[in-house]
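Peer 1: Here is the input, now give the coordinates:
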Amino acid sequence: METSLSKAQLDSIRASALKSDFPLLAANPHLAFLDSAATAQRPAAVLDAQRRFYETMNANPLRGLYKLSVEATQAIADARAHIARFIGALDEAGNPQQDAIVFTRNASEALNLLAVTLSQLTKLGPGDEVVISIMEHHSNLIPWQQVCAQTGADLVYLRTDGDYRITQEEIEHKIGPRAKIVSVTHVSNVLGVENDVPSIAARAHEVGALCVVDGAQSVPHIDVNVRALGCDFLAFSGHKLGGPLGIGVLWGKPELLDAMPPFLTGGEMIDLVTETGAVWSPAPQKFEAGTQDAAGVYATNAALSYIERLGMRAVEERERLLSIYLCERLRELPQVAIIGPKEGERHISSISFDVKDVHPHDVASILDMHDVCIRAGHHCAQPLLTYLGWHSTCRASVAFYNDAGDIDRLIDGLNQVWRIFHGSR
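Peer 2: The predicted structure is shown next:
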């Protein structure tokens, strides 16, 4: 095969010593797991941390004055501070804005929280606009659809050009004086392309709108700094960066979180309750009603520590090489069409493709028989696929623990798919 990678680059991704850190991958050495855009595998350090919480500090945080509860409370505070540092959420003195970190069940809940509370904060109504992109995952589309339907505001879409980019002209044309909220994905979970969030955020602020960023597909794969992005809010999920399922993170500018109404009500989010009313706690507790998944938060903190030991820059570079290699190997197959940029360096983890005259579900099922895991379907982004002229696609997505061998097994499997449906080519 021909590749644009140098011998040193190719050698660096030939194998992955990191697979031994992941119990599921270590126990299944022939498995090619290429669905990390849906959820990442968990390293042993994360699984150990979750167990350690239950074995050594199992108590309800915030609610007790005894040692176990105090330790659980401190574990949550430490995780907030760590996450704030990880995404560059620092105050002017360089201290982590831990009170700006809200824990939710997932990125979807964080985005729903924002849709409901920001529509109230901005007094969204007829004549106003909410601007999103055509690339959005349903989690950053349906909440805004619902809010617009309820308030009478208009939903406006930023659309990509033929090169899968949202141009500056499109940004300036679509984000106008009627816009009150702009909510966009940082990286598309279908196309793998990175959007120009700094330009989008700058335009939003120029017209007086707030800027929300869905970072579910960017935070696990590239160095994300909220101050550099210029956004007002960022949402992402812990499970996509190696943490446990069921933990989401919402960062917001403190002054905006303070001004927003609560999303859910109940215990722990109040300062005072009477028979006729209540006074809310300050953020972040105002948005964290009820008992939180303290063990999951603690384990998510361990996931960040694991990634930082590897180095985010090293993670980003390895995944860049893997994406290039994956694109180049897919382009070797005449029966395969890449959906999105043909250049691997423009893909962050995810590459969608079609196998001629074979339904993506059949492709994924046959690949599974060969221990290759990919995603097939609309990837919770039906408007994008419709816009591009597709109903369903295959998607392979890499993470730093993958290697060239995983990709080679995918290519071998795709050739087998073709032989089953069409005979030898």
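
Peer 1: right, and the secondary structure at the most far-flung residue of the chain relative to its centre would be what?
Peer 2: In the chain, counting by C-alpha atoms, centre = their mean, Glu275 sits farthest out from the average C-alpha position, at 41.2 Å. For Glu275, the assignment made with DSSP: H, G, I helix; E, B strand; the rest coil gives coil.

Peer 1: so how far is Gly311 from Ala201?
Peer 2: Distance, Ala201 to Gly311, by C-beta to C-beta, to the nearest Å: 27 Å. Using the backbone N, CA and C atoms, a C-beta is placed for each residue, glycine as well.

Peer 1: I meant to write Ser20 there.
Peer 2: 18 Å.

Peer 1: and if you look at Ala364?
Peer 2: 33 Å.

Peer 1: which residues sit against the lowest-mean-pLDDT helix or strand in the chain?
Peer 2: Within the chain, confidence by mean pLDDT, DSSP states H and E is lowest for strand 270-273 among all helices and strands, at a mean of 91. Residues from elsewhere that reach strand 270-273 (C-beta atoms under 8 Å, 6 or more residues apart in numbering): 278-281.

Peer 1: What's the first helix or strand after it?
Peer 2: strand 278-280 (DSSP states H and E).

Peer 1: ok, that following strand: who's next to it in the sheet?
Peer 2: Strand pairing for strand 278-280, determined by DSSP bridges: strand 270-273 (antiparallel).

Peer 1: Give me the distance from the strand it pairs with to the chain's centre.
Peer 2: The chain centroid and the centroid of strand 270-273 are separated by 34 Å under C-alpha atoms, centre = their mean, to the nearest Å.

Peer 1: Tell me the buried residues in that strand?
Peer 2: Ile270 (16 or more other C-beta atoms under 10 Å).

Peer 1: Okay, domains of the chain per the record?
Peer 2: Following automatic domain parsing, the chain resolves into domains at 7-42+312-422, 49-308.

Peer 1: If any of the contacts of strand 270-273 are buried, give me the PyMOL selection for them.
Peer 2: Buried members of the contacts of strand 270-273, defined by 16+ other C-beta under 10 Å, are picked up in PyMOL with:
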select buried, resi 280+281
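
Peer 1: just the contacts of strand 270-273 now: which is nearest Leu90?
Peer 2: Comparing those against Leu90 with C-beta to C-beta places Ser281 closest, at 23.4 Å.

Peer 1: pretty sure that closest one is in contact with Glu268, am I right?
Peer 2: Yes - applying C-beta atoms under 8 Å, one finds Ser281 in contact with Glu268, separated by 7.4 Å.

Peer 1: What helix or strand is the residue most central in space within the chain located in?
Peer 2: Nearest to the geometric centre of the chain sits Ala216, at 1.0 Å (C-alpha atoms, centre = their mean). In the assignment (DSSP H and E), Ala216 maps to no helix and no strand.

Peer 1: Against Ile374, how distant is it?
Peer 2: Counting by C-beta to C-beta, the gap from Ala216 to Ile374 is 19 Å.

Peer 1: do you know how far the closest residue to Gln292 other than its chain neighbours is from Ala381?
Peer 2: Leaving aside its chain neighbours, Gln292 sits nearest to Phe103 (5.7 Å; criterion: C-beta to C-beta, 6 or more residues apart in numbering). Remark: distance between Phe103 and Ala381 (C-beta to C-beta) = 26 Å.

Peer 1: quick revisit: so which of Ala364 and Gly311 has more stuff around it?
Peer 2: It is Ala364, of Ala364 and Gly311, that has more neighbours when counted by other C-beta atoms under 10 Å, with 20 against 12.

Peer 1: What about Pro334, how many residues nearby?
Peer 2: 9.

Peer 1: three-state assignment of it?
Peer 2: Classification of Pro334 by three-state DSSP places it in coil.

Peer 1: next one: Ile166
Peer 2: Three-state assignment for Ile166 (three-state DSSP): coil.

Peer 1: measure it to Phe400 for me?
Peer 2: Per C-beta to C-beta, Ile166 is found 27 Å from Phe400.

Peer 1: Ser4 too?
Peer 2: Ser4 sits 20 Å away from Phe400, going by C-beta to C-beta.

Peer 1: Compare the two and say which is more crowded by neighbours.
Peer 2: When Ser4 and Phe400 are compared for neighbours, Phe400 comes out ahead with 24 against 13, by other C-beta under 10 Å.

Peer 1: nearest residue to the more buried one other than its sequence neighbours?
Peer 2: Once flanking residues are discounted, Phe400 sits nearest to Val315: 4.6 Å by C-beta to C-beta, 6+ apart.

Peer 1: can you give me phi and psi for that neighbour?
Peer 2: phi -60, psi -50 (degrees, to the nearest 10).

Peer 1: how close does it sit to Ala89?
Peer 2: According to C-beta to C-beta, Val315 and Ala89 sit 20 Å apart.

Peer 1: And those two? Which one has more around it.
Peer 2: Taking neighbours as other C-beta under 10 Å, Val315 and Ala89 compare with Ala89 leading, 24 against 21.

Peer 1: My guess is the more buried one contacts Asp99. True?
Peer 2: No - in this structure, Ala89 is not within contact of Asp99 by C-beta under 8 Å, at 10.1 Å.

Peer 1: Quick one: classify the nearest residue to Asp48 once chain neighbours are set aside as helix, strand or coil.
Peer 2: By the measure of C-beta to C-beta, 6+ apart, the closest residue to Asp48 outside its immediate chain neighbours is Ala302, 7.6 Å from it. Secondary structure state of Ala302, per three-state DSSP, is helix.

Peer 1: Tell me the span between the first and last residue of stretch 190-198.
Peer 2: Taking C-alpha to C-alpha, to the nearest Å, stretch 190-198 runs 21 Å from one end to the other.

Peer 1: So what touches that stretch?
Peer 2: Contacts of stretch 190-198 (C-beta under 8 Å, 6+ apart): 133, 135, 164-166, 168, 171, 184-188, 211, 213, 217-218, 222, 228-231, 323, 339-341, 346-352, 379, 381, 384-385, 393, 395, 397.

Peer 1: Which positions in that stretch come out as buried?
Peer 2: So, applying 16+ other C-beta under 10 Å, buried residues of stretch 190-198: 190-197.

Peer 1: On the three-state scheme, Glu71 is what?
Peer 2: In three-state terms, and counting by three-state DSSP, Glu71 is helix.

Peer 1: so where is this protein shaky, pLDDT-wise?
Peer 2: The model of the chain has pLDDT under 70 over residues 1, 424-425.
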